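Asker: Dropping the sequence and predicted coords here.
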Amino acid sequence: MQNPLKRVHFIAIGGSVMHDLALHIAKKGVQVTGSDDEIYDPARTALAKAGLLPEVMGWFPEKITKELDAVILGMHAQTDNPELKRAQELEIPILSYPDFIYENSRNKQRIVIAGSHGKTTITSIILHVLSQLGRQFDYVIGAKIDALPGRVQLTNAPVIIIEGDEYLSSPIDRSPKILKYHHHIGLISGIAWDHYNVFRTEEEYVQQFDLFADASPKAGVLIFCEEDDMATVIGRKERADVARIEYKTHPHVVRDGKSYLKTPEGEVPVKLFGAHNMQNISGALEVCKRIGVTEAQFYSAVGSFEGAKMRLELVAQNGQTLLYKDFAHAPSKLLATTQAVKNQFPNRTLVACVELHTYSSLNPEFISQYRDTLKDADVAIVYHNPEVSKHKKLEPLMDDQLKKAFDQDDILIFTQTQELKNYLTEQQWDNKNLLMMSSGTFGGLDLVELGEEVTGS
């Protein structure tokens, strides 16, 4: 890592990437301090272990002094944050974490994986393959991968693979993160309207990916999924001296609940499943081929990929039942994940439960986007906490609104965590699978404990 900074303060240090970046640069010898008004595990434990957990939660402008070389500002902070205002008064350089990543990867080949869905898995597959092949690489990824030490790595490696988020860079920088990295190779997995709190129209949301594609440099590469309508419209637009590569669902077969890739060298068993993950594998393959990985090398490595945390992660199982948890919360993710589990185990009843937790999913003006997203579930459940809606300054959703939005009169709706748990544990689970989908925690529901009760393991 080429970083002249010696003293850095993180405003909103508890973010998933923010805390890992803080841990990483602290190990490199940078003096790190930070603040936040709430920090949850795993960030809380990791920061405490490293001696970086703030002693008191809250914002303290006295932490901002002229001795700081820079402040790294996270999205959890507000524009009127007292520490931010103090940094502005003292004219201390204020960076978003994408700014910091770019400044420390200017001399690398930069690969950015973008899209409304699939980007975490595609990035994870690429990192796994490169790791299996002993390649040197840096990375930024939003999920934890067991084989890697954290979500961020900045060394002297010649290439960096970045999971690119289309969300705002910081409270004072409203440009999307994907534009900050100045990619050489860019990938768009698919586009489906999200982040309603920022992008009030679908056109505005889609425009961010058009800008990303347009930012591809001369002699650069743009890779996109040809089976996604909007990604195809953007990807096939003429751009001078930019190589255009399309990919689609990888040929595969499912037997006895297991997926096998069809390759020129025969079938390759993989631990991922679902059509969307077969697309993700194809996207990762195209990226790897552009950086010197042969198809044979890719297939030899991808079979051992276990998946990223919270992406169709197996929590518990017995001979009759599987419990998966998934980070799915946006409409396209719910649909793809539910279809994947049902298609993989067509002879089992699927109980699919989603928590509406984000601003978009709880917004009465956006909720209609969830129509038919749980149609592949035999039993569809929606959980939401009205207090979360109030905290986000939204009117809590009513049962009739949700049934109309999902277009399912038989959908089950819960607003209390204990009632949801009671319902699930009281069911007979022979020849049934349970899918729990959320970017939250279902009000603190312990899914490991739930899995033990459901499967009897």
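Answerer: Cool, the structure landed. In this text the structure is predicted, and so the values were computed from the model without any measurement.
Asker: Any stretches of this structure with poor pLDDT?
Answerer: 1-3 (pLDDT under 70).
Asker: okay, now the domains of it?
Answerer: Domains of the chain are assigned by automatic domain parsing as 7-96, 105-302, 313-455.
Asker: now the strands: where do they sit in the stretch 251-400 of the chain?
Answerer: For the stretch 251-400 of the chain, applying DSSP state E, counting those that start in this stretch gives strands covering 252-255, 258-263, 266-270, 313-317, 321-326, 349-355, 379-383.
Asker: Need these in a markdown table (columns: mean neighbour count and distance to Lys392).
Answerer: The C-beta positions use only the backbone N, C-alpha and C, and glycine is treated the same way. Below are the strands of the stretch 251-400 of the chain laid out as a markdown table (neighbours: other Cβ atoms under 10 Å; distance: least, Cβ to Cβ, whole Å):
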| stretch | mean neighbour count | distance to Lys392 |
| --- | --- | --- |
| strand 252-255 | 14 | 40 |
| strand 258-263 | 17 | 38 |
| strand 266-270 | 15 | 38 |
| strand 313-317 | 17 | 27 |
| strand 321-326 | 24 | 22 |
| strand 349-355 | 24 | 14 |
| strand 379-383 | 22 | 16 |
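Asker: Of those strands, which is nearest Ile191?
Answerer: With Cβ to Cβ as the criterion, Ile191 lies closest to strand 321-326 of the strands of the stretch 251-400 of the chain, at 19.9 Å.
Asker: did I read that right, Arg174 in a helix?
Answerer: No - Arg174 is assigned strand when assessed by DSSP: H, G, I helix; E, B strand; the rest coil, not a helix.
Asker: when you give positions from now on, start the count at 11
Answerer: Yes, from this point I'll number from 11; that puts the last item at Arg184.
Asker: Number of residues surrounding it?
Answerer: If you count neighbours by other Cβ atoms under 10 Å, Arg184 ends up with 10.
Asker: Equivalent analysis for the one 5 residues further on, please.
Answerer: For Leu189, the tally of surrounding residues (other Cβ under 10 Å) stands at 19.
Asker: Can you pull the phi/psi pair for it?
Answerer: phi -90, psi -10 (degrees, to the nearest 10).
Asker: I'd say it and Asp224 touch.
Answerer: No - with contact defined as Cβ atoms under 8 Å, Leu189 does not count as touching Asp224 (9.7 Å).
Asker: Same list, the strands of the stretch 261-410 of the chain, but as JSON lines with distance to Ile170 please.
Answerer: Shown next, in JSON lines, are the strands of the stretch 261-410 of the chain (distance: least, Cβ to Cβ, whole Å):
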{"stretch": "strand 262-265", "distance to Ile170": "30"}
{"stretch": "strand 268-273", "distance to Ile170": "27"}
{"stretch": "strand 276-280", "distance to Ile170": "26"}
{"stretch": "strand 323-327", "distance to Ile170": "26"}
{"stretch": "strand 331-336", "distance to Ile170": "27"}
{"stretch": "strand 359-365", "distance to Ile170": "33"}
{"stretch": "strand 389-393", "distance to Ile170": "38"}
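Asker: residues of stretch 155-174 that come out buried?
Answerer: Across stretch 155-174, burial judged by 16 or more other Cβ atoms under 10 Å covers 155, 160-164, 167, 169-174.
Asker: ugh, typo on my part, it should be stretch 202-210
Answerer: Across stretch 202-210, burial judged by 16+ other Cβ under 10 Å covers Ala202, Trp203, Asp204, His205, Tyr206, Val208, Phe209.
Asker: Show me which pair in those is furthest apart.
Answerer: Spatial extent of the buried residues of stretch 202-210 (Cβ to Cβ) is set by the pair Ala202 and Val208 at 15.0 Å.
Asker: Give me the secondary structure label for Asn207.
Answerer: Classification of Asn207 using three-state DSSP returns coil.
Asker: Ala253 contacts Leu232, doesn't it?
Answerer: Yes - judged on Cβ under 8 Å, Ala253 makes contact with Leu232 at a distance of 7.2 Å.
Asker: for the buried residues of stretch 202-210, which one is nearest Met320?
Answerer: Top of the list for closeness to Met320, among the buried residues of stretch 202-210 and by Cβ to Cβ, is Asp204 at 16.9 Å.
Asker: Burial check on the spatially closest residue to the closest one that is not a sequence neighbour, number of neighbours?
Answerer: If the residues on either side of it in the chain are set aside, Asp204 comes closest to Ala340, at 4.6 Å by Cβ to Cβ, 6 or more residues apart in numbering. Counted with other Cβ under 10 Å, the neighbours of Ala340 add up to 24.
Asker: again, but for Glu236
Answerer: By other Cβ under 10 Å, 16 other residues sit near Glu236.
Asker: likewise Thr242?
Answerer: Thr242 has 17 neighbours, counted by other Cβ under 10 Å.
Asker: What helix or strand is it located in?
Answerer: helix 239-245 (DSSP states H and E).
Asker: Give the buried residues for the longest helix along the chain.
Answerer: As assigned by DSSP state H, the longest helix anywhere in the chain is helix 285-300. Of the residues in helix 285-300, 286-298, 300 count as buried by neighbour count, 16+ other Cβ under 10 Å.
Asker: what would those look like in CSV with distance to Gly276?
Answerer: Output for those, formatted as CSV (distance: Cβ to Cβ, whole Å):
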residue, distance to Gly276
His286, 24
Asn287, 20
Met288, 17
Gln289, 21
Asn290, 21
Ile291, 16
Ser292, 18
Gly293, 22
Ala294, 20
Leu295, 16
Glu296, 21
Val297, 23
Cys298, 19
Arg300, 25
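Asker: tell me the phi and psi of Leu221?
Answerer: phi -60, psi -40.
Asker: got it, and Leu422?
Answerer: Backbone torsions for Leu422, taken as degrees, to the nearest 10, come to phi -100, psi 140.
Asker: Show me what it bridges to in the sheet.
Answerer: Taking DSSP bridges as the rule, Leu422 bridges to Ile391.
Asker: That one against Tyr393, yeah?
Answerer: No - at 9.2 Å, Leu422 and Tyr393 do not qualify as touching, with contact defined as Cβ under 8 Å.
Asker: can you give me the strands in the stretch 111-260 of the chain?
Answerer: Secondary structure of the stretch 111-260 of the chain (DSSP E, counting those that start in this stretch): strands located at 119-124, 148-150, 162-163, 169-173, 178-180, 183-186, 195-198, 231-235, 253-257.
Asker: What about Thr55, how many residues nearby?
Answerer: 12.
Asker: Next, find the distance separating it from Leu33.
Answerer: 11 Å (Cβ to Cβ, to the nearest Å).
Asker: Find the residues that touch each one of these two.
Answerer: Residues touching both Thr55 and Leu33 (Cβ atoms under 8 Å, 6 or more residues apart in numbering): there are none.
Asker: so who does the residue nearest to Asp204 touch?
Answerer: By Cβ under 8 Å, 6+ apart, the residues touching Ala340 are Ser126, His127, Ala202, Asp204, Thr368, Ser370, Ser371.
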